[in-house]
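Engineer: Only the shape, not the letters, is given here:
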């Protein structure tokens, strides 16, 4: 019930739900069309990641474990004014291990200021904009490197502290991890001894104010203070009974680079990159590809998809190819110009592409219809650089379209003489014979020409490129029974096709359907079986 209101929301003639389903389906179709591109991006990313993993330096990590002493002495208990959780104490000990003082002590004790230090990174610009990254001495640089490679982990349940150090040498990693652990214990032990000295000194001063110099308790306090100072002078860590630790050992298995992680991330990035590139190409590649593209984005019916044919192939021979012949027959049946009963028809085929392509397609269409026993006249209004095609079409008298339009009697005589040929071709004026202004078709001459041709032929096919003959195309369209718009498959921009169709509609020329030519994907070229019957 909650989704019911959304069912009534509509975008044009489509419901909102159907609209988003179409968008999702179109996205999936885009991915499917570019699947090889996406796979290539994924494969490239994996190969580059594999090469990166092979050249990256290997890093080895050593780990030492410590369970700190969680028992407090009476002096510590009295100094605690509030209860402190074990997790907080372990966290504070971990911060102490990670401190710069411990790192500095490790570097000095192991002499790492020469092994870990790098060339000075100080510069005027760096000191101005990144002052916190400038290390002026070898010791400071070595300490910074050690801290960057040191990782301290804690477990809030077991209170175990892990000391991890990464290095290019497994032996050096284990040595430094153990050294950090021992420096922490040494620092902790020194704090304990310092505290014992302070307690013993306080007790000695207190007893000195009460007893004389030879009093036994004062002598005992003095001996205790001397013993505490002697212990403080001894440099070395000690482990109490409640402390335990596991020393690090060299681990010869590299911890980085993480090959699985890098390859996985590279595969994901390759997939995302390939998908994004596919969508960008689909957005940029805005030509029509399927019946649905024409129906949804051109608001017109698609009458067929014609496979790509080499231009050097003669239209008569091309019309005999099985896939081409069936595709052309499907267009003829969908447009209602083959096998339909009634009077003779005039069909206009226009385009915004160069006129050679549409003329080639239209002539092949006419020859397919002519093989069915119909008399077909093909008129190419556009300029041509080739001689007229077809047997004895215009070679006998070198008759041009200009001549037939200018002389009605001559046109009727020509139609009468060639009506039994099955297929008659009239090409437009050659570019060398065309005047500077081109030839303009007058409406009266056009009406007379079309009327005479209609009397002698079952079908009159006229091609007129809109981009070269806009006025002629409109005049011919008004005299035609069927208007077709030819567009190159996956090439002619959708916006240009929509603009041309809208322009023709503004002049009362309604396009009946669109034909996609030069289809390079034969699987889509066989879609001619999905007829849009008129």
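Structural biologist: Perfect, thanks for sending it. Note that the structure is predicted; figures quoted are calculated from it, not measured.
Engineer: quick one: residue 44 and residue 269, what's the gap?
Structural biologist: Distance from residue 44 to residue 269, counting by CB to CB, to the nearest Å: 10 Å. C-beta coordinates here come from the backbone N, C-alpha and C atoms, glycine included.
Engineer: same thing with residue 404?
Structural biologist: From residue 404 across to residue 269, the span is 65 Å (CB to CB).
Engineer: Residue 205 too?
Structural biologist: From residue 205 to residue 269 the distance is 70 Å (CB to CB).
Engineer: Strands along the stretch 1-150 of the chain, start to end?
Structural biologist: With DSSP state E, counting those that start in this stretch as the criterion, the stretch 1-150 of the chain has strands at 10-11, 14-15, 60-67, 150-154.
Engineer: which stretch among those comes nearest residue 232?
Structural biologist: strand 60-67 (23.0 Å; CB to CB).
Engineer: That closest one packs against which elements?
Structural biologist: The contact analysis (3 or more CB pairs under 8 Å, 6 or more residues apart in numbering; DSSP states H and E) places strand 60-67 against strand 161-167, helix 170-208, strand 244-246.
Engineer: Nearest to residue 476, out of those?
Structural biologist: That would be strand 161-167 among the helices and strands packed on strand 60-67, by CB to CB, at 79.8 Å.
Engineer: And the helix or strand hosting residue 223, what does it pack against?
Structural biologist: Following DSSP states H and E, one finds residue 223 within helix 216-233. Contacts defined by 3+ CB pairs under 8 Å, 6+ apart place helix 216-233 against helix 170-208.
Engineer: Same question for the helix it packs on: list its buried residues.
Structural biologist: By neighbour count with 16 or more other CB atoms under 10 Å, helix 170-208 contains the buried residues 170, 172-189, 192-193, 195-197, 200, 203-204, 207.
Engineer: Show the pLDDT at the residue lying closest to residue 308 once chain neighbours are set aside.
Structural biologist: Nearest residue to residue 308, sequence neighbours excluded (CB to CB, 6 or more residues apart in numbering): residue 518, at 4.5 Å. We have a pLDDT of 85 for residue 518.
Engineer: Three-state assignment for residue 518, please.
Structural biologist: Following DSSP: H, G, I helix; E, B strand; the rest coil, the label given to residue 518 is strand.
Engineer: That one contacts residue 486, correct?
Structural biologist: No - Residue 518 lies out of contact with residue 486 (CB atoms under 8 Å); the separation is 9.7 Å.
Engineer: and those two? which has more neighbours close in?
Structural biologist: Between residue 518 and residue 486, counting by other CB atoms under 10 Å, residue 486 is the more crowded of the two (28 against 22).
Engineer: Tell me the strands beside the helix or strand harbouring the more buried one, with direction?
Structural biologist: Element membership for residue 486 (DSSP H and E) is strand 482-488. If you go by DSSP bridges, strand 482-488 pairs up with strand 345-350 (parallel), strand 513-519 (parallel).
Engineer: Which residue, other than its chain neighbours, is closest to residue 259?
Structural biologist: Residue 259 sits nearest to residue 53 (CB to CB, 6+ apart), 5.0 Å away.
Engineer: Count the residues that sit near residue 231.
Structural biologist: Residue 231 - counted by other CB under 10 Å - has 14 other residues nearby.
Engineer: where's the helix or strand where residue 274 lies relative to the chain centroid, distance-wise?
Structural biologist: Using DSSP H and E, residue 274 sits within helix 259-284. Remark: helix 259-284 is offset 6 Å from the chain centroid, using CA atoms, centre = their mean, to the nearest Å.
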